[in-house]
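Engineer: Attaching a predicted model along with its sequence, questions to come.
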Amino acid sequence: MKVKILEWKSFATWHWDLATSADDSGYVEELCGICRVSFDGTCPNCKYPGDDCPIVLGSGCTHNFHLHCILKWLEQESSKGLCPMCRQIFTFKEPEQTSDVLINLKTLIDGHRVMRERFQQGNEQEFEAFGADQDLQMA
Amino acid sequence: MAALPKRIIKETERLVSDPVPGITAIPSEDNLRYFEVTIDGPNHSPYADGVFNLELYLPDDYPMCAPKVRFLTKIYHPNIDKLGRICLDVLKDNWSPALQIRTILLSIQALLGAPNPDDPLANDVADDWKKDEKRAIEIAKEWTLKYATKKD
């Protein structure tokens, strides 16, 4: 018997490899804790899942989010730079293959942290300066 | 109006299909960001047997900012003022987008079981509470009976 292929359709599936972020029990959270859409889906602002909307891995904690979701949260002043799940300062895990988007993101997140630290230091200095003034007046 | 975010749709579906015991939240037909809420007073609290009506609104920024929640039923509580506004950290500075409508409503129910007169919103109530806790609890019970009793 001879078969002649007239037409064929191919398809492929993919998913984010998040195995590195599993906790001790091997459990991997499948949903973004902010938008509650699966990691393989898109954040609310994107049309298509994939490289434009990658998953960001926390390095201080084991929590992961869509890039756009966590960035939007960290941009809120009220976030204080904390992870929405565990309230530790959110730090970002260096991915093995850095894409431009992720490098930009790292710059952004680090920038937020530096600004916060600077702000806090500034407050302390002001407070000390005020204390010193008082001492002078007292003397 | 902009489309309703998926997260809000999911939360609403779950609130209806798998409700929290003692709490109901029903979205308004005209505005799916506006919920009519009832919370049962916790047992062993001055609010036991009371059913309190609240309104909850999800601002455009939700879940980047907290839902706006307010008591509609009069209540005598040191952390809830005359206008029904609630003093609760997770509704203000300690909001996190990992919290949800259901967790917030549970926190409010817990607040009814654990009034905190040291962080007051209704100063007069908090003062009463600190001066004579027994009396304050009596008033809270009276108000519950008067304003928060189910009308069958």
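Structural biologist: Alright, I've got the coordinates. Quick caveat: nothing in here was measured; it's all calculated off a predicted structure.
Engineer: mind exporting the top helix by length along chain B as PDB, just the C-alpha atoms?
Structural biologist: Ordering each helix of chain B by length in residues (DSSP state H) puts helix B:133-147 first. Extracted in PDB, the C-alpha atoms of helix B:133-147 (Å, rounded to 0.1, in the frame of the first residue of the first chain):
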ATOM      1  CA  GLU B 133     -14.300  46.700  79.200                       C
ATOM      2  CA  LYS B 134     -17.300  44.800  80.700                       C
ATOM      3  CA  ARG B 135     -19.600  47.700  80.100                       C
ATOM      4  CA  ALA B 136     -18.200  48.200  76.600                       C
ATOM      5  CA  ILE B 137     -18.900  44.600  75.800                       C
ATOM      6  CA  GLU B 138     -22.400  44.900  77.100                       C
ATOM      7  CA  ILE B 139     -23.000  47.900  74.800                       C
ATOM      8  CA  ALA B 140     -21.500  46.000  71.800                       C
ATOM      9  CA  LYS B 141     -24.000  43.100  72.600                       C
ATOM     10  CA  GLU B 142     -26.900  45.600  72.800                       C
ATOM     11  CA  TRP B 143     -26.000  47.200  69.500                       C
ATOM     12  CA  THR B 144     -25.600  43.700  67.900                       C
ATOM     13  CA  LEU B 145     -29.100  42.800  69.100                       C
ATOM     14  CA  LYS B 146     -30.500  46.100  68.000                       C
ATOM     15  CA  TYR B 147     -28.900  46.700  64.600                       C
END
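Engineer: So which bits of that helix are buried?
Structural biologist: Neighbour counts over helix B:133-147 (16 or more other C-beta atoms under 10 Å in any protein chain shown) mark B:A136, B:A140, B:K141, B:W143, B:T144 as buried. Bear in mind the C-beta positions are built from the backbone N, C-alpha and C, glycine included.
Engineer: if you skip the residues just before and after it, what's nearest to the third one?
Structural biologist: Spelled out, that is B:K141. Leaving aside its sequence neighbours, B:K141 sits nearest to B:P46 (C-beta to C-beta, 6 or more residues apart in numbering or on different chains; 4.7 Å).
Engineer: For that neighbour, give me the pLDDT.
Structural biologist: Per-residue pLDDT puts B:P46 at 94.
Engineer: tell me which element it falls in.
Structural biologist: Under the criterion DSSP states H and E, no helix or strand holds B:P46.
Engineer: would you list the buried residues of helix B:133-147 in a markdown table and tack on pLDDT?
Structural biologist: Below are the buried residues of helix B:133-147 laid out as a markdown table (pLDDT from 0 to 100):
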| residue | pLDDT |
| --- | --- |
| B:A136 | 91 |
| B:A140 | 93 |
| B:K141 | 94 |
| B:W143 | 94 |
| B:T144 | 94 |
